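J.: Take a look and give me a structure for this.
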Amino acid sequence: MSDRFSVNAGKLTVRHKASDYRLMASMCLEIANQMSLHADRTRITDMAQKWLELAQTSQAEKLSEVVKLQLTLDREELESPGR
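T.: A predicted model of the protein is given here:
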């Protein structure tokens, strides 16, 4: 299964890229700018903020994965020099 999908306790989880979430936020803001009612604009702007929070979380998780991988590779290199 792709690293974008996982199954935990019988539930399928889809992980999107941070850029996907930022695109959704941008789309929300475009829609909000076209709305005439303040309450509707606020609701859609709040939704854009949630998408941006998801982007930030996704990016932090990806960075954490990269750091863990690099640490693993560094450790393997130290344990087996000259490979």
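
J.: just the helices in this structure please.
T.: Along the chain, the segments classed as helices by DSSP state H run 18-34, 38-79.

J.: List the contacts of Tyr21.
T.: Neighbouring residues of Tyr21 by Cβ atoms under 8 Å, 6 or more residues apart in numbering: 51-52, 54-55, 58. Heads up, the C-betas are built off the backbone N, CA and C, glycines and all.

J.: Format these as CSV; extra columns: neighbour count, distance to Arg41 and pLDDT.
T.: CSV is the format used below for the contacts of Tyr21 (neighbours: other Cβ atoms under 10 Å; distance: Cβ to Cβ, whole Å; pLDDT from 0 to 100):
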residue, neighbour count, distance to Arg41, pLDDT
Trp51, 20, 16, 95
Leu52, 18, 16, 96
Leu54, 17, 21, 93
Ala55, 20, 21, 94
Ser58, 18, 26, 89
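
J.: one step back: out of the helices of the chain, which gets nearest to Lys11?
T.: Closest to Lys11 of these is helix 38-79 (Cβ to Cβ; 17.6 Å).

J.: Measure how that closest one sits relative to helix 18-34, angle-wise.
T.: Here helix 38-79 points in a direction 170 degrees away from that of helix 18-34 (axes from the mean of the first three to the mean of the last three Cα atoms, to 10 degrees).

J.: Helix 38-79 packs against which elements?
T.: The contact analysis (3 or more Cβ pairs under 8 Å, 6 or more residues apart in numbering; DSSP states H and E) places helix 38-79 against helix 18-34.
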